[in-house]
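Trainee: Have a look at this prediction, sequence included:
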Amino acid sequence: MTQTPAPEWYKSAVFYELSVRTFADGNGDGKGDFPGLTGKLDYLRGLGVDVLWILPCYPSPLRDDGYDVADYVGIHPDLGTLDDFKVFLREAHARGLRVVTDFVTNHTSSDHPWFQAARRGPTLPDGSPNEYYDYYVWSDTGTEYAGARIIFTDTEVSNWTLDEQSGRYYWHRFFASQPDLNYDNPRVIEEILNAARFWLDLGVDGFRVDAVPYLIEREGTNCENLPETHDILKRFRRMVDEDYPGRVLLAEANQWPEEVVEYFGTDADPEFHMCFNFPVMPRLYMSLKKEDTTSIREIMERLPAIPAFGQWVTFLRNHDELTLEMVTDDERAFMYAAYAPDTRMKINVGIRRRLAPLLDNDRRRVELLTTVLLALPGSPILYYGDEIGMGDDLSLADRNGVRTPMQWNAGMSGGFSTATPDQCFFPPIGDAVYGYGRVNVQSQEQDPSSLLKWTSRQLELRRRHPAFAVGDLTFIDTDNPAILAFTRRTGDETLLIVSNFAANAQAVHLNLGDYAGRVPVTLAGASPFPAIGEDPYAMILGKYDYYWLRLN
Ligand SMILES: OC[C@H]1O[C@H](O[C@H]2O[C@H](CO)[C@@H](O)[C@H](O)[C@H]2O)[C@H](O)[C@@H](O)[C@@H]1O
Ligand SMILES: [Ca+2]
């Protein structure tokens, strides 16, 4: 199957995020690789996703799982060769799957040759200027930009670190092993755009651009979302529009609605095609524990309008911690109390757990949040392994506990590798509840009622109703805050989504006066419900129950 060349394909796409290193090992060395991933493309096609977002695959010392790039135009040798990548891309495209790669713009690894050259100081021994020095941000005192917060609060005490070789401090928003590039230097912009061209020329369908708010620093600001940063990102978009039309840019900007929306730019002066909806994510979990969906509605209604080309990207989990940066202090305290009872679950400003353990492995709650994810405006992202209910490993450092090997079957190392578990890059999960002996693709493929099969059916249902992807959103007033009700509407159809966030059955009345005379019909099964009248529409929902309805 080949792809339909619709220019706005990303608006109706379902994304699947995966780490090549932990997805499938093709050569038995215990590390996932491109040949292994290529062998799993039929699985991904069968699941019903459209786009693969692959985590950074560049040569890297892996001090931040590849977000510390040592070479922008290569493949990490553990993952295969550039030719292996090309084969993967070709085979993905042949199956109608698109591929979006992670592009780390804000910083490099301290091992990158640019930084190693920069450390020689502004002037070389022969008196000539060191052109690489200005690739990074330096200080004599390490006191500038004091208004910038620290992001990795568990490990870093400052955004400046003294470099022994140059005797100067360098700026880094993330780990000290990730020096920030100096975007006030036009050569840096050229280098990064050229690196992007390299991958676009190979045929990638776009980039998830990492940590975009932090490109530029200015004294007296918090060094986030600055106008100069937006100018650079708009230049990136212009290059894509002019030379690579049809490719997509997705912004990772973990910001409040008013700031994140700026990363779309405008119809006249566009920036990113897509932005992650960070603010809504923690509120989905919060609403479950509070049995009150008010915060979901409030944050969604707070999102400013986006340009016609734009699309939000929604997610429940990803490779990082469940970030709690976009909540109030009280809400953060609530989330920690509700979802991180063990202190090992906390990291930086968030919670390092996977979807199934967060929801106590409760299939009803997993289904509920997944259906809301699929029904809210935006293109949803599934995180690898969540479609089978994988668990996490709190004994692993940093965020690695949610990056364990994909569980394919009950055999050696869960079918991830022919290597033994202790030889794998991260050990596959082997416990009695979430271990590969019990939770794996093969067994779920044989079980029609498995989470995997359910997910696949739900994706198929979503695909058949374009209103999920591009319909307008209208929240429906109810008399029960545990119930989230909204419509998604196009000129052709109106969908009504009703979800019960409570642990008990609930009665609710929906204010559906605008739809008097219409008959709700279930999307799966086409069962008609009582017709809507002038009075509030009464419904009963079982615990964590949901309805996907079409208003005929
Ligand atoms: O490349 C550095 C990091 O960039 C992304 O980080 C983001 O994740 C942080 C939480 O882990 C988040 O708080 C921050 O706002 C983001 O920019 C990337 O996803 C990380 O894996 C990476 O370490
Ligand atoms: Ca391998």
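Mentor: Here it is on my side, so go on. Numbers count the residues shown, from 1 in each chain. Ligands and ions are numbered 1, 2, ... in the order given.
Trainee: Quick one: classify the residue in the stretch 351-500 of the chain positioned nearest to ligand 2 as helix, strand or coil.
Mentor: Minimum separation of the stretch 351-500 of the chain from ligand 2 (Cβ to the ion) falls at residue 417, amounting to 7.1 Å. Yep, even glycine has a C-beta here, placed from its N, CA and C like the rest. Here residue 417 is recorded as coil under DSSP: H, G, I helix; E, B strand; the rest coil.
Trainee: likewise residue 196?
Mentor: helix.
Trainee: That one and residue 237 touch, don't they?
Mentor: No. Here residue 196 lies out of contact with residue 237, judged by Cβ atoms under 8 Å, at a distance of 10.9 Å.
Trainee: Between the two, point out the one with more neighbours.
Mentor: residue 196 (23 against 17; other Cβ atoms under 10 Å).
Trainee: wait, what's in contact with that one?
Mentor: 103, 207, 236, 239-240 (Cβ atoms under 8 Å, 6 or more residues apart in numbering).
Trainee: quick one: which of the residues you listed sit in strands?
Mentor: In strands, defined here by DSSP state E, the members of the contacts of residue 196 are 103, 207.
Trainee: any idea which of the contacts of residue 196 is the one closest to ligand 2?
Mentor: Lowest distance from ligand 2 to the contacts of residue 196 (Cβ to the ion) belongs to residue 103, with 23.5 Å.
Trainee: returning to that earlier point: I'd say the residue of the stretch 351-500 of the chain closest to ligand 2 and residue 25 touch.
Mentor: Yes. Residue 417 is within contact range of residue 25, at 3.6 Å (criterion: Cβ under 8 Å).
Trainee: Now for the two: what residues contact both?
Mentor: 31-32, 405, 424.
Trainee: what about the strands in the stretch 351-500 of the chain?
Mentor: In the stretch 351-500 of the chain, the segments counted as strands under DSSP state E, counting those that start in this stretch are 379-383, 472-475, 483-489, 494-500.
Trainee: how about residue 87, secondary structure?
Mentor: Following three-state DSSP, residue 87 is assigned to helix.
Trainee: This structure - how does it break down into domains?
Mentor: The chain breaks down into these domains under the TED database: 9-105+186-462, 107-180, 471-551.
Trainee: Point out the most buried one among those.
Mentor: Highest mean neighbour count of these: domain 9-105+186-462, a mean of 19 (counted as mean count of other Cβ atoms under 10 Å).
Trainee: can you give me how far that domain is from the chain middle?
Mentor: Its chain's C-alpha centre and that of domain 9-105+186-462 lie 3 Å apart, by Cα atoms, centre = their mean, to the nearest Å.
Trainee: Tell me where the model's unsure across the stretch 401-550 of the chain.
Mentor: Applying pLDDT under 70 to the stretch 401-550 of the chain picks out no residues at all.
Trainee: Ligand 2 contacts on that one?
Mentor: Counting by Cβ under 5 Å from the ion, no residue of the stretch 401-550 of the chain lies close to ligand 2.
Trainee: name the element residue 16 belongs to?
Mentor: For residue 16, the host element (DSSP states H and E) is strand 15-18.
Trainee: And residue 120, how far from ligand 1?
Mentor: Distance, residue 120 to ligand 1, by Cβ to the nearest ligand atom, to the nearest Å: 25 Å.
Trainee: Same check on residue 25?
Mentor: Using Cβ to the nearest ligand atom, residue 25 is found at 22 Å from ligand 1.
Trainee: how near is that residue to residue 37?
Mentor: Separation of residue 25 from residue 37 (Cβ to Cβ, to the nearest Å) stands at 10 Å.
Trainee: again, but for residue 340
Mentor: Residue 340 is 32 Å from residue 37, by Cβ to Cβ.
Trainee: Up against ligand 1, what does the stretch 251-400 of the chain have?
Mentor: 252, 254, 319-321, 323, 325 (Cβ under 6 Å from any ligand atom).
Trainee: These: which two are farthest apart?
Mentor: For these, the farthest-apart pair by Cβ to Cβ is 319 and 325; their separation is 16.0 Å.
Trainee: can you tell me which residues contact residue 505?
Mentor: Residue 505 makes contact with 540-543, 545, according to Cβ under 8 Å, 6+ apart.
Trainee: Secondary structure element holding the most far-flung residue of the chain relative to its centre?
Mentor: In terms of distance from the mean C-alpha position of the chain, residue 126 ranks first, at 47.4 Å (Cα atoms, centre = their mean). Counting by DSSP H and E, residue 126 is held by no secondary-structure element, helix or strand.
Trainee: Now it, what are its backbone angles?
Mentor: Main-chain dihedrals, residue 126, degrees, to the nearest 10: phi -80, psi 10.
Trainee: For the contacts of residue 505, give me CSV that also has secondary structure and distance to residue 359.
Mentor: Listed next are the contacts of residue 505 as CSV, based on DSSP: H, G, I helix; E, B strand; the rest coil; distance: Cβ to Cβ, whole Å:
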residue, secondary structure, distance to residue 359
540, strand, 23
541, strand, 18
542, coil, 17
543, coil, 13
545, coil, 15
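Trainee: What lies in contact with stretch 230-242?
Mentor: Here stretch 230-242 makes contact (Cβ under 8 Å, 6+ apart) with 183, 189, 193, 196-197, 200, 206, 209, 212, 215-216, 247, 249, 251, 262-263, 265, 269-272.
Trainee: same thing with stretch 344-356?
Mentor: So stretch 344-356 is contacted by 151-154, 316-317, 320-325, 332, 335-336, 339-340, 358, 366, 369, 383, 385-386, 389-392, 394, 398-399, 401-402, 434 (Cβ under 8 Å, 6+ apart).
Trainee: Which ones among those residues lie within helices?
Mentor: 332, 335-336, 339, 358, 366, 369 (DSSP state H).
Trainee: Between which two of those residues is the distance greatest?
Mentor: 332 and 366 (23.3 Å).
Trainee: any idea how far residue 483 is from the residue nearest the centre of the chain?
Mentor: For the chain, residue 318 is the residue whose C-alpha lies nearest the centre (Cα atoms, centre = their mean; 5.2 Å). Computed as Cβ to Cβ, the residue 318 to residue 483 distance reads 28 Å.
Trainee: Leaving out chain neighbours, which residue sits closest to the residue in the stretch 151-300 of the chain that ligand 1 sits nearest to?
Mentor: The stretch 151-300 of the chain approaches ligand 1 most closely through residue 254 (3.4 Å), counting by Cβ to the nearest ligand atom. What sits nearest to residue 254 in space, not counting adjacent residues and going by Cβ to Cβ, 6 or more residues apart in numbering, is residue 278, at 4.8 Å.
Trainee: What residues does that neighbour make contact with?
Mentor: Here residue 278 is in contact with 253-255, 260, 323, 325-326 (Cβ under 8 Å, 6+ apart).
Trainee: tell me the strands in the stretch 101-250 of the chain, going along the chain?
Mentor: For the stretch 101-250 of the chain, the strands defined by DSSP E, counting those that start in this stretch cover 138-139, 160-163, 168-171, 206-210, 248-251.
Trainee: Can you give the strand pairings for the second one, parallel or anti for each?
Mentor: Spelled out, that is strand 160-163. strand 168-171 (antiparallel) (DSSP bridges).
Trainee: Please work out the average pLDDT along the partner strand.
Mentor: Averaging pLDDT along strand 168-171 gives 98.
Trainee: Identify the residues contacting that strand?
Mentor: The contact list for strand 168-171 (Cβ under 8 Å, 6+ apart) reads 121, 136-142, 145, 159-163, 179-180, 217.
Trainee: what about 10 Å?
Mentor: Contacts of strand 168-171 from elsewhere in the structure, counted by Cβ atoms under 10 Å, 6 or more residues apart in numbering, are 107, 110, 115, 118-119, 121-122, 133, 136-145, 148, 158-163, 176, 179-182, 214, 217, 223.
Trainee: for ligand 2, what are the nearby residues on the stretch 51-200 of the chain?
Mentor: By the rule Cβ under 5 Å from the ion, no part of the stretch 51-200 of the chain lies against ligand 2.
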